[in-house]
Structure formats: C-alpha cells, structure tokens
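> based on what follows, work out the 3D shape:
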Amino acid sequence: MEVNIAQAQKIFFSRSSFEMIYFEAFANALDANATTVDIDIDLKDKEAIQNLSLVIKDNGVGFTDARFAKFGKLFDVDEPTHKGLGRLVYLCYFENIHVESIFSSEHKRIFDFNEKFVSTDCKIESVKNESLGTVLKMTRFFGDRLAKNEFIHPLYVKNALLERFYMKFYKAKLAGQRIVVNISYNAGGRIIKEKIDTEDIPDFEVKTIDSQLDIFNRIELYYQIKDVDAANSKIITAIAVDDRSHVVDIITDDNLHYGKEMIFLLISESFRGNIDESRQNLKISDVDLNQIKDIFRKAILL
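Next up is the predicted model:
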C-alpha cells in the first residue's frame with residue numbers, strides 16, 4: 001500500500017469497536033454486489049479467546065484486477081460516501097486476514113492482508129466453473145481486545161447489523177432484491193445460528209418533515225413500531241448517513257413502552273458524507289446536531 005498500514009490503523013481506528021469488523025465486511029460485500037453473506041465465528045475453547053477466528057464469505061464479484069488495485073491503495077474511492085479505510089479495522093483485532101477470491105469462472109486470487117501487505121504479494125490460481133465470491137479468514141486474534149463477549153454472539157451480531165444497515169436492507173426489499181446474512185457461532189462445539197433476510201424486514205411508515213435544514217433537501221422520518229416480548233422492548237433513534245444508521249439519543253429509556261420495538265430513522269440528503277474516515281463519528285457541528293435533534297424530537301412526538 002502507498003500508506004503505512006500500521007500507522008494508518010492507529011490514526012483512524014485507535015478507538016474502534018469489534019463490531020466494526022462485521023459492518024465493514026458486510027458493506028464491502030454489498031459493494032461487490034453480494035446477495036448472500038455468511039459470518040462464521042469459531043471459538044471451540046471459550047477459555048482460550050486468543051484462538052478466536054472469524055470467516056466471512058460472500059457471493060459478490062470478487063477481487064477483480066480493478067477492485068484489487070483499489071484495495072492496494074488507501075483512500076482510493078469511487079465516491080465521497082466511500083472512505084477507502086474500512087479494512088484497516090480488521091487489523092485492530094486479527095494479525096492476519098487470509099483472502100481467497102474467485103473473480104472469474106477460471107481464476108482465483110489469493111493473498112494475505114496484514115501490516116506487511118503490498119499489492120504485489122498475491123497469486124492467481126486457475127479454477128473451473130466456480131461461483132464468484134470472496135472468503136476472508138481472520139486469525140491470530142489479539143486476545144485482550146474483545147471488550148464484550150456479546151460481540152461474538154450471533155443474536156448481537158444480527159441486531160447490530162440490522163441497526164446499522166436498516167435502510168440498506170429496506171431499500172433492497174423495496175427494490176425486490178433479496179439479501180441474506182447467515183451468522184453462525186461455534187461455542188466450544190455448541191452451534192448457535194441467526195439469520196437476516198430482507199423478506200423478513202417489516203415495512204416502514206414514512207412522514208415528511210416540514211422543518212428543513214436547507215432549502216434543497218427534504219427530511220423524512222422512517223419509522224416502525226411493533227409488538228415484542230417485554231424483554232425485547234427497545235427504542236432506536238438514528239439518522240441515516242450514506243445508508244448507515246448512526247444512533248442519536250433523542251428519547252430516554254424512561255419513555256420506553258414495554259412490549260414495543262420502536263425504530264425511528266431520520267433521512268435527508270443533507271446528511272450525505274457527514275461521517276469521519278473511520279465511519280464511527282458524525283461530522284456535524286453541535287449547532288446543526290442540536291437542530292437535528294429538535295426536528296427529530298418534534299417529529300416523533302407529533
């Protein structure tokens with residue numbers, strides 16, 4: 001790469017969360033036009049967290065020559081909503097990511113992504129009539145960096161992906177495109193599984209907001225309220241930036257309606273690109289954010 005990987009990782013992802021691995025791998029799979037993503041989490045010995053491994057497989061177009069060339073250059077992106085840095089988060093938790101990618105019916109690209117990676121370190125193998133797709137195998141876990149055990153539990157992973165990519169899943173559903181995410185966890189020989197399927201995504205109600213941040217872009221509130229078990233009661237208030245949801249605290253848990261799951265997403269082109277390079281923090285001034293919160297709060301309470 002043209003930028004020092006280890007240094008870039010420290011600069012942009014020094015305070016990353018483990019769940020960012022799922023977010024970036026899933027987003028990259030969608031960019032490759034994948035419709036199926038398999039996330040396999042393996043920890044056969046729960047007392048040996050350093051043996052944790054993660055395999056993420058998709059059926060996207062694979063690492064073509066053009067896509068691999070971009071992978072080899074940080075910040076090389078096609079549009080402002082892409083940051084060209086997400087893959088660095090893998091190296092915050094795993095020493096090596098082994099990649100095998102079938103990018104044509106006859107060719108597979110194989111390489112290892114780590115702090116010593118250079119774009120010339122890959123090999124091409126011949127295959128016969130194989131399906132397109134990419135497999136990332138993440139190994140050599142830095143055992144002191146998993147802040148919460150729930151980060152590797154399938155239900156947590158499912159909910160985290162849903163909360164971050166609600167609009168992506170919902171837009172796919174509206175377009176008649178089915179996206180499936182299979183999540184599996186081998187916990188000491190006990191297999192736990194969860195699944196996301198766009199066919200199961202409930203419809204949102206949509207309300208256009210009269211108050212505007214600017215004269216060019218409208219603001220819409222997407223919301224859904226459904227009955228759930230009391231233990232699963234929750235409320236999510238977030239704004240969608242570049243098809244990713246970012247939680248903004250609007251309503252406190254004191255106002256939570258038990259037995260209800262309530263999701264409120266504020267959507268506007270005005271938010272486009274307002275996220276930092278690591279995709280973790282909003283790049284919105286305090287003044288504008290307070291205005292957004294006020295608009296959001298009024299829209300929910302009306």
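
> show me where pLDDT drops low in the protein?
By pLDDT under 70, the low-scoring segments of the chain are 1-16, 74-86, 143-145, 211-216, 251-257, 274-281, 301-302.

> for the closest residue to residue 62 other than its chain neighbours, which residues are in contact?
Computed as CB to CB, 6 or more residues apart in numbering, the closest residue to residue 62 that is not its neighbour in sequence is residue 103, at 3.3 Å. Just so you know, the C-beta spots here come from the backbone N, C-alpha and C atoms, and that holds for glycine as well. Listed by CB atoms under 8 Å, 6 or more residues apart in numbering, the contact set of residue 103 reads 61-65, 67, 109, 132.

> now, those residues that are in strands?
Mapping the contacts of residue 103 onto strands (DSSP state E) picks out residue 109.

> now the contacts of residue 103: which count as buried?
Buried residues within the contacts of residue 103, counting neighbours by 16 or more other CB atoms under 10 Å: 61-64, 67, 109, 132.

> longest strand anywhere in this protein?
Determined from DSSP E, the single longest strand within the chain is strand 94-104.

> what distance do you get for residue 137 to residue 131?
Relative to residue 131, residue 137 is positioned 18 Å away (CB to CB, to the nearest Å).

> the two: which is more packed in?
Using other CB atoms under 10 Å as the criterion, residue 137 and residue 131 rank with residue 137 on top: 18 against 9.

> in this structure that one contacts residue 90, no?
No - the criterion here is CB atoms under 8 Å, and residue 137 misses it with residue 90 at 10.9 Å.

> now the common contact residues for the two.
With CB under 8 Å, 6+ apart as the test, residue 137 and residue 90 both reach residue 97.

> parallel or antiparallel, list what pairs with the helix or strand where residue 224 lies.
Using DSSP states H and E, residue 224 sits within strand 219-227. Applying DSSP bridges, strand 219-227 is found paired with strand 205-209 (antiparallel), strand 260-267 (antiparallel).

> may I see the buried residues of the last one?
Using 16+ other CB under 10 Å as the burial criterion, the residues of strand 260-267 that qualify are 261-267.

> between those, which is nearest residue 29?
residue 265 (22.0 Å; CB to CB).

> one step back: can you list the contacts of residue 103 in TSV and add distance to residue 179?
Compiled in TSV, the contacts of residue 103 are given as follows (distance: CB to CB, whole Å):
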residue	distance to residue 179
61	15
62	18
63	20
64	21
65	26
67	20
109	24
132	16
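
> farthest-separated two in the contacts of residue 103?
The widest separation within these (CB to CB) is 14.1 Å, between 65 and 132.

> show me where the stretch 51-200 of the chain has strands.
Remark: strands assigned in the stretch 51-200 of the chain by DSSP state E, counting those that start in this stretch are 53-58, 94-104, 107-113, 122-126, 133-141, 180-187, 190-197.

> what strands flank the last one, and is each parallel or antiparallel?
Neighbouring strands of strand 190-197 in its sheet, by DSSP bridges, are strand 180-187 (antiparallel).

> list the contacts of the strand it pairs with.
With contact meaning CB under 8 Å, 6+ apart, strand 180-187 is reached by 26, 35-44, 46, 152-154, 157-158, 161, 191-198.

> just the CA trace of it, in CSV.
These are the backbone C-alpha positions of strand 180-187, laid out as CSV (Å, rounded to 0.1, in the frame of the first residue of the first chain):
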residue,chain,number,x,y,z
VAL,A,180,-29.5,-12.9,3.3
VAL,A,181,-26.9,-12.9,6.1
ASN,A,182,-26.2,-16.2,7.9
ILE,A,183,-24.5,-15.9,11.3
SER,A,184,-23.0,-19.0,13.0
TYR,A,185,-21.1,-19.3,16.2
ASN,A,186,-19.2,-22.5,17.3
ALA,A,187,-19.0,-22.1,21.0
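
> and that strand, which residues are buried?
For strand 180-187, by 16+ other CB under 10 Å, it's 180-185, 187.

> dump stretch 88-95 to CSV, restricted to CA.
Below are the C-alpha coordinates for stretch 88-95, written out as CSV (Å, rounded to 0.1, in the frame of the first residue of the first chain):
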residue,chain,number,x,y,z
LEU,A,88,-7.9,-1.4,8.5
VAL,A,89,-10.3,-2.2,11.3
TYR,A,90,-9.7,-6.0,10.8
LEU,A,91,-6.1,-5.5,11.8
CYS,A,92,-7.1,-3.9,15.1
TYR,A,93,-8.2,-7.4,16.3
PHE,A,94,-6.6,-10.0,14.0
GLU,A,95,-2.9,-10.3,12.9
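
> so how far is it off the chain centroid?
Centre-to-centre, stretch 88-95 and its host chain are 15 Å apart (CA atoms, centre = their mean, to the nearest Å).
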